[in-house]
Each structure stands twice: as structure tokens, then as C-alpha cells.
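A.B. asks: Just the structure for this:
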Amino acid sequence: MDTLQAIHDRRSIRHFASQPVPRELVERVLEATVQSPSAKNVQPWRFVVLEGQEKERLVRLMTAKGEALAAAGEGTGSLLGTCRAMAQAPVAVVILNQAPPAEVPPEFHEDWHFVMLQSTGGAIQTMLLAAHALGLGSLWICDILFAHDEVMVWLGCEGEVLVAAVSLGYADEAPGQRPRKGWAEVTQWLGAPSSQRSPSEA
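C.D. replies: From the prediction side, this is the model:
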């Protein structure tokens, strides 16, 4: 699939078919994902792939947290709706950032995390595009952060940073494109391209 076509055609999927996803296809998505660039080539990401009962356990954990928050009168945003979408998808990938290496002084840990989150965000976008190119639907999930502590204890990921999750499966819907701002609306352009300069300005 053409890269630009994949960028324009990809959609967030919230209704998935029950058809299982072959492991080989998930591995191909992950192989593409780790080709992403990262700051200083640190490659800070780590992935936990959940299927079957383990994926269902994550959904139950997140649903229970959403119900507890709602019962306490606290906002849950789109959490419970996201849990329903995750329940349909056969695969969930939990995405973590590794802890700063020993050579990074503690006073620079906050900056390190900020930079590495940018790297992992880029890797998630690569994952979504790879899934789309391979015929899979996907959903980028930040609602997992509502259950941050519970997820980290369950997975035993002390010292790492929970970033997001991605659901993968075959789409059972074909949503249209959501509104997008035009590039000119969000871009400030300073200076003229060299091809437009006069000889005296070169």
C-alpha cells in the first residue's frame, strides 16, 4: 500500500469482527513498528501482546476501574466505551517506555521521559499504519491510563512508564473521515524557499 494512501485512509476502529488475527500478522506489525526512529536511537519502547484470557483480563480490569470511578461520581470520559471496543478486538498491545538507563542522572529523568514519549508516540503511529497496510483495524487507546496503577501491578512493570494500548483486529465497520484542519490553518511559514529567491538574494 502506498504510504500516503495509508495515512489518508487509516481510521480508528471501534467495532471489530470476531475473526482471530494470525500471530504472523501481529509479528509483521511489530516488525514494522520497531523500524520507527527514536531519539539517540534509544528505542525506548516495549510491547506486551495480550490475547484470549489475558486480553479479557485487561478489559475487566479497566472496566472495573471505570465503574468504580463512576460510582464515586468521578468522570470516566470514553473509558467504558473504549472497554467495549477492546472486548471485541482479539488483540491488545500494551505499550510501555523503559526506565531511564543508569547513565542518565536523576535530574534529567523528566527530560528523558519527555523525549522518549515522543519517540514512542511515533512508533505507535507506525504500528497503526502497518496494521492498516496489512488489512487490520486498530484503535490507539490512552484510556488505559485511568487504570495505570492496576495495570502496572498486574503486568509487574515497576520502573517502566505506561504509555498507551492499541487494539488490533479485523474491522467490522467502515467509518468516514473525521474533520481535519487544513495544513495552512495550523502552519506558520517563515522565509521563502531557495527556489523562489532572486539571484541577488542567494
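
A.B. asks: Now Thr187, what are its backbone angles?
C.D. replies: For Thr187, the backbone dihedrals (degrees, to the nearest 10) come out as phi -120, psi 130.

A.B. asks: ok, how many other residues are close to it?
C.D. replies: Here the number of neighbours of Thr187 (other CB atoms under 10 Å) works out to 8. Placement of C-beta: from N, CA and C, glycine included.

A.B. asks: do you know how far it is from Gln125?
C.D. replies: Here the criterion is CB to CB, to the nearest Å. By it, Thr187 lies 19 Å from Gln125.

A.B. asks: show me where pLDDT drops low in this protein?
C.D. replies: Under the criterion pLDDT under 70, the flagged ranges of the chain are 194-202.

A.B. asks: Show me the longest strand that occurs in it.
C.D. replies: In the chain, assigned by DSSP state E, the strand with the most residues is strand 161-169.

A.B. asks: helices or strands next to it in the packing?
C.D. replies: Contact here means 3 or more CB pairs under 8 Å, 6 or more residues apart in numbering; DSSP states H and E; on that basis strand 161-169 packs against helix 79-88, strand 91-97, helix 109-133, strand 137-141, helix 148-155.

A.B. asks: Run through who's touching the shortest one.
C.D. replies: Outside of strand 137-141, the residues that reach it under the criterion CB atoms under 8 Å, 6 or more residues apart in numbering are 10-14, 16, 82, 85-86, 89, 124, 127-128, 131-132, 164-172.

A.B. asks: Any chance of a PyMOL selection covering the buried ones in those residues?
C.D. replies: Once 16 or more other CB atoms under 10 Å is used to decide burial, the buried members of the contacts of strand 137-141 can be selected in PyMOL as follows:
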select buried, resi 10+11+13+14+16+82+85+86+89+124+127+128+131+132+164+165+166+167+168+169+170+171
